[in-house]
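A.B. asks: give the three-dimensional model of this entry:
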Amino acid sequence: MPSSSDNTINWFAIRVKSNRERVTSLGLAGKGLEVFLPEYVRDAPSGAARANPLFPGYLFCRFDVNRRLPVLTVPGVLHIVGIGKTPLPVSEDEIGSLRAVVSASLPIKADEVYTVGEKIQIDHGPLSGVIGVIVGSQRKKVVVSITLLQRSVSVELPHNWLGELKN
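C.D. replies: Below is the predicted model:
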């Protein structure tokens, strides 16, 4: 496991071919890389539940930015998200929050628009400690965003789970 003191090993967003997220994540994992493909379950018209990527066309991979050729040569990888040819890392906090939301077994959905609002910390429930952005006034929705992708996921929470962001 990479140490947190090694600043070249970070999480990066990887743009992949359409509908190739799972296959590409298996290819990256097969090279010994840590991969995170966040998914949510949606009911199909046939009545069967189906797992879908939260961010279609993207997955996350942790690697040394100075050794990115093995990542770029995996079938299905289009490019590493960044500015020009310079990959930009995704925050450890954002990946951690996204992992917590996905593993909490709460109903979630992909929000296509990146939302900027008041940052809060969840104080109770399975997402305790997660930092997100509050949206809406009637129902309390918390949005966890991956800033680099300008994408978000939201989850509705009971009002009493929400707290103030502690510094």
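A.B. asks: which SS class is the residue lying farthest from the centre of the chain?
C.D. replies: What lies farthest from the middle of the chain is Ser46; by C-alpha atoms, centre = their mean that is 27.9 Å. What DSSP: H, G, I helix; E, B strand; the rest coil gives for Ser46 is coil.
A.B. asks: residues making contact with whichever helix in the chain runs longest?
C.D. replies: In the chain, with assignment by DSSP state H, the single longest helix is helix 92-103. For helix 92-103, contacts defined as C-beta atoms under 8 Å, 6 or more residues apart in numbering pick out 4, 10-11, 36, 38-40, 54, 60, 108, 126-127, 129-132, 144-147, 153, 155. The way it works is simple: take the backbone N, C-alpha and C, and place the C-beta from them, glycine included.
A.B. asks: out of the residues you listed, which are buried?
C.D. replies: The neighbour-count criterion (16 or more other C-beta atoms under 10 Å) marks 10-11, 38-40, 54, 60, 108, 127, 130-132, 144-146, 153, 155 among these as buried.
A.B. asks: if we can go back for a sec, okay, and which of the contacts of helix 92-103 map to strands?
C.D. replies: 10-11, 36, 39-40, 60, 108, 131-132, 144-146, 153, 155 (DSSP state E).
A.B. asks: and the residue nearest to the spatial centre of the chain, how far from Ala49?
C.D. replies: Centroid-nearest residue in the chain: Leu98, 4.8 Å away (criterion: C-alpha atoms, centre = their mean). Leu98 is 21 Å from Ala49, where distance means C-beta to C-beta, to the nearest Å.
A.B. asks: kindly report the same for Arg68.
C.D. replies: Arg68 is 35 Å from Ala49, by C-beta to C-beta.
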